[in-house]
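# quick one: sequence and predicted model below, then my questions.
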Amino acid sequence: MTAVLTEPSTTVDAIASAAKRPFALARHSLALAWRNLVKTMRNPEQLLDVTLQPIIFTAMFGFLLGGALAGDTAAYLQTLVPALAVMLTLFASIQSGVNFSSDLKTGLFDRFRSMPIGRSAPLIGAVLGDGIRYVVTIVVLIGFSSILGFRIETDPLSALAGCLLAIGLGFALSWVFLLLGAVMKEPGSVQGVAFIVIFPLTFGTNMLTPVDTMPGWLQAWMNVNPAVHAMDAARGLMIGGPVAGPVTATLLWTAGIIAVFAPLAVRAYRRRT
């Protein structure tokens, strides 16, 4: 009887003790991120979408629209590819919510709850572990588009900064999809709602055509669309153009999305488990 009564207390004490250790949350989050990374590498078919999508979208948009809008596919790719880097990264972030919902259904997070780790560590680990998806997306996109004629017109460090801005916004948006994964019971439902969110966010931009060719209401949407700022920043850093304003706006949007949706996702996760 004594053992039964003291076991929960011992577990609570262990969790409290672990939480007080220096940098405990960071260590726990990185450990779970490594677990997610290993899981992905052992199941490489999970990267099939982020491997094929850059090739499909680059070829489709480049060859279908390049001649009509720029007179030449290679010239069109110069403005298309930086914007595609943002769009494809945001598309890749959807899987964070889908995987999170799947893990919740298997009971994996019930086990995490019993471990002496921070309650937000599994979510942070899930977000960080999906970083491999963003890297694969960017690498395949730049590699394939270079074969078709795309060239970086600034310098490698600036281009890398543009890619990191796209990845940062993808990380931020993944918290939105983690929230969906926590409040919705089926992974398929999470994916369906996520696409409803992602399509106006990515296609309601100046990715394919100039802003001045669009109606006023759509231009107004672009002024507040974080993906537009990220695409402008990526273009400026990869092929030249205004940088300070778009980069600042992208960083502010990234920080704001995380500040709002990360606590909401953690709260929903605590309620769910």
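Happy to help now that I have it. These figures come from a predicted structure and were not determined experimentally.
# going forward, measure contacts and count neighbours with C-alpha atoms only.
Noted.
# tell me the buried residues in stretch 249-267?
Of the residues in stretch 249-267, 249, 250, 251, 253, 254, 257, 258, 261, 262, 264, 265, 266 count as buried by neighbour count, 16 or more other CA atoms under 10 Å.
# these in helices, which ones?
Here DSSP state H is the test, and the buried residues of stretch 249-267 give 249, 250, 251, 253, 254, 257, 258, 261, 262, 264, 265, 266 as lying in helices.
# any idea which of those the model trusts least?
Lowest pLDDT within those is found at residue 266 (89).
# do you know how far that residue is from residue 182?
When distance is defined by CA to CA, to the nearest Å, residue 266 is 9 Å away from residue 182.
# kindly report the same for residue 249.
For residue 249, the distance to residue 182 - CA to CA - is 29 Å.
# average pLDDT across stretch 64-80?
pLDDT averaged over stretch 64-80 gives 84.
# can I get that stretch in CSV? Just the C-alpha atoms.
What follows is stretch 64-80, C-alpha atoms only, in CSV (Å, rounded to 0.1, in the frame of the first residue of the first chain):
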residue,chain,number,x,y,z
LEU,A,64,4.1,26.7,-68.2
LEU,A,65,4.5,30.3,-67.3
GLY,A,66,8.1,31.2,-68.0
GLY,A,67,7.6,31.9,-71.8
ALA,A,68,4.4,33.9,-71.3
LEU,A,69,5.5,36.1,-68.4
ALA,A,70,9.2,36.5,-68.9
GLY,A,71,9.8,35.3,-72.5
ASP,A,72,12.3,32.8,-71.2
THR,A,73,12.2,29.9,-68.7
ALA,A,74,15.6,30.7,-67.2
ALA,A,75,14.7,34.4,-66.7
TYR,A,76,11.4,33.5,-65.1
LEU,A,77,13.2,31.1,-62.7
GLN,A,78,15.2,34.0,-61.3
THR,A,79,12.2,35.4,-59.6
LEU,A,80,10.3,32.2,-59.2
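# show residues contacting that stretch.
Stretch 64-80 is contacted by residues 62-63, 145, 148-152, 207-209, 235, 239 when judged by CA atoms under 8 Å, 6 or more residues apart in numbering.
# for PyMOL, write the select line for the buried members of the residues you listed.
To isolate the buried members of the contacts of stretch 64-80 in PyMOL, using 16+ other CA under 10 Å:
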select buried, resi 62+63+145+148+150+151+152+207+208+235+239
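# now, the contacts of stretch 64-80 that are in helices?
62, 63, 145, 148, 235, 239.
# I figured the third one hits residue 81, correct?
Yes - with contact defined as CA atoms under 8 Å, residue 145 counts as touching residue 81 (7.2 Å).
# overlap in contacts of the two?
In contact with both residue 145 and residue 81: residue 58, using CA under 8 Å, 6+ apart.
# residue 76: neighbour count?
For residue 76, the neighbour count with other CA atoms under 10 Å is 22.
# look up phi and psi at it.
Dihedral angles of residue 76 (phi, psi; degrees, to the nearest 10) stand at phi -70, psi -30.
# quick one: it from residue 67, how far?
Distance, residue 76 to residue 67, using CA to CA: 8 Å.
# was I right about residue 225 contacting residue 203?
No - with contacts counted by CA under 8 Å, residue 225 stays clear of residue 203, the gap being 10.5 Å.
# more neighbours: which of these two?
residue 225 (18 against 13).
# spatially, what comes nearest to the more buried one if we skip its sequence neighbours?
Nearest non-adjacent residue to residue 225, counting by CA to CA, 6 or more residues apart in numbering: residue 201, 6.7 Å away.
# for residue 266, give me its contacts.
119, 120, 123, 179.
# which parts of the stretch 101-250 of the chain are helices?
Ranges of helices within the stretch 101-250 of the chain are 108-114, 121-129, 131-148, 156-183, 187-203, 216-223, 226-239, 244-272, based on DSSP state H, counting those that start in this stretch.
# if we can go back for a sec, any chance of TSV for the ones in helices among the contacts of stretch 64-80, columns distance to residue 27?
Output for the ones in helices among the contacts of stretch 64-80, formatted as TSV (distance: CA to CA, whole Å):
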residue	distance to residue 27
62	43
63	47
145	38
148	42
235	36
239	38
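# sounds good, over and out.
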